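Undergrad: model the following, please.
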Amino acid sequence: MSWASKFVKPYRVEHGKKFRLQKYDPADTAKLHSQERAQELLAKGIARMAELQDKLYAQNRWGLLLIFQAMDAAGKDGVIKHVMSGVNPQGCQVYSFKTPSSEELDHDYLWRNVKCLPQRGRIGIFNRSYYEELLVVRVHPELLANERIPPALITKDVWDDRFQDICAWERYLSRNGFVIRKFFLNVSKKEQKRRFLDRLQQPEKNWKFSVGDLQERERWDDYMSAYEEMIANTSTPHAPWFVIPADNKWFTRLAVAAAIVDTLDDLKLSYPEVDPQRKKELEAAKRSLLRARHS
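TA: Here you go, the predicted model:
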């Protein structure tokens with residue numbers, strides 16, 4: 001088992017029946033107390049990720065979708081920025097999903113996500129995703145009315161239906177060579193408050209703060225309940241959730257990087273092999289260039 005696999009195993013949820021969010025400490029650092037050591041491991045992880053991404057791109061068989069969900073100020077943007085810093089931009093696509101537009105509301109809730117799925121050989125990143133339908137929409141069920149779904153279809157089973165539909169869709173993607181890894185950045189309410197105050201007290205961070213964030217904070221318990229049920233019902237071996245401690249940003253970034261490296265390692269990636277005919281063509285091209293070395 002690699003260092004990356006050992007590191008993230010405690011945070012991986014494949015079977016959610018017994019999942020309880022309270023068992024996961026937002027301040028956990030896996031007994032790692034040195035930020036310097038964490039930086040060393042992160043650099044190691046980023047270097048390995050760059051190597052594996054190059055093979056992923058060259059092989060052009062697998063696609064990787066990374067989904068990030070979290071409460072406000074949990075550090076999604078920072079994780080994406082720091083962890084993916086060594087990745088070739090040509091092989092990476094990032095999408096942030098905000099409030100649905102009128103056009104998006106005229107389609108099913110998966111439609112806008114389907115359009116943004118990564119190509120084979122690429123890493124796709126969803127900063128928020130279709131899982132908002134099991135979080136924000138569940139905490140604010142009045143939003144269902146905006147989705148123009150026929151009223152007869154909005155029953156007491158609507159959330160269970162969505163759990164099943166999402167699991168089926170992710171299974172379909174995995175059967176077609178698209179690997180899915182989902183990250184819940186688990187920040188504590190106390191740490192969120194500290195980060196909100198930091199945004200308010202530092203002028204250069206004021207732009208990050210929204211009054212709406214405070215309104216959502218008032219529904220903290222509702223959101224935690226929604227997250228727990230979502231993870232319990234949508235964690236599978238082919239599309240697991242990682243409940244990543246998010247109170248210490250230096251650890252959050254390392255844990256996410258380790259999970260991505262572990263995932264790519266599992267794919268046994270390699271550069272495409274050249275067939276005999278192609279090798280002959282390459283040898284001929286090399287001889288031609290060597291003969292013309294002075295021209």
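
Undergrad: ok, and what's touching the strand or helix carrying Lys182?
TA: Using DSSP states H and E, Lys182 sits in strand 178-186. Residues outside strand 178-186 that contact it (Cβ atoms under 8 Å, 6 or more residues apart in numbering) are 21, 24, 26, 62-70, 74-76, 79, 117-118, 131, 170, 173-174, 227, 231, 234, 238-246, 252, 256, 259-260, 263, 267. Placement of C-beta: from N, CA and C, glycine included.

Undergrad: can you name the next helix or strand after that strand?
TA: Strand 178-186 is succeeded, C-terminally, by helix 189-201 (DSSP H and E).

Undergrad: give me the buried positions along that next one.
TA: Glu191, Gln192, Arg195, Phe196, Arg199 (16 or more other Cβ atoms under 10 Å).

Undergrad: what's the answer for stretch 177-189, then?
TA: So, applying 16+ other Cβ under 10 Å, buried residues of stretch 177-189: Phe178, Val179, Ile180, Arg181, Lys182, Phe183, Phe184, Leu185, Asn186, Val187, Ser188.

Undergrad: would you mind measuring from the residue nearest to the third one when sequence neighbours are not counted to Lys182?
TA: If you skip the residues right next to it in sequence, Ile180 has Ala239 as its closest partner in space, 4.0 Å away by Cβ to Cβ, 6 or more residues apart in numbering. If you measure Ala239 against Lys182 using Cβ to Cβ, to the nearest Å, the figure is 6 Å.

Undergrad: try Arg37
TA: Computed with Cβ to Cβ, the distance linking Arg37 and Lys182 is 27 Å.

Undergrad: surely Val139 meets Arg219?
TA: Yes. With contacts counted by Cβ atoms under 8 Å, Val139 reaches Arg219, the gap being 5.4 Å.

Undergrad: what's the span of stretch 91-104 from first residue to last?
TA: Length of stretch 91-104, first residue to last, Cα to Cα, to the nearest Å: 26 Å.

Undergrad: to clarify, my last question referred to stretch 171-179.
TA: 10 Å.

Undergrad: what's the average pLDDT for it?
TA: The pLDDT scores in stretch 171-179 average 98.

Undergrad: again, but for stretch 261-275
TA: 93.

Undergrad: name the residues that touch that stretch?
TA: 2, 4-5, 7-8, 45, 48-49, 52-53, 55-56, 58-60, 62, 64, 179, 181, 282.

Undergrad: from those, which land in helices?
TA: 4-5, 7-8, 45, 48-49, 52-53, 55-56, 58-59, 282 (DSSP state H).

Undergrad: of the contacts of strand 178-186, keep whichever come out buried.
TA: Here, 16+ other Cβ under 10 Å leaves 21, 24, 26, 62-70, 74-76, 79, 118, 131, 170, 173-174, 227, 231, 234, 239-246, 252, 256, 259-260, 263, 267 buried among the contacts of strand 178-186.
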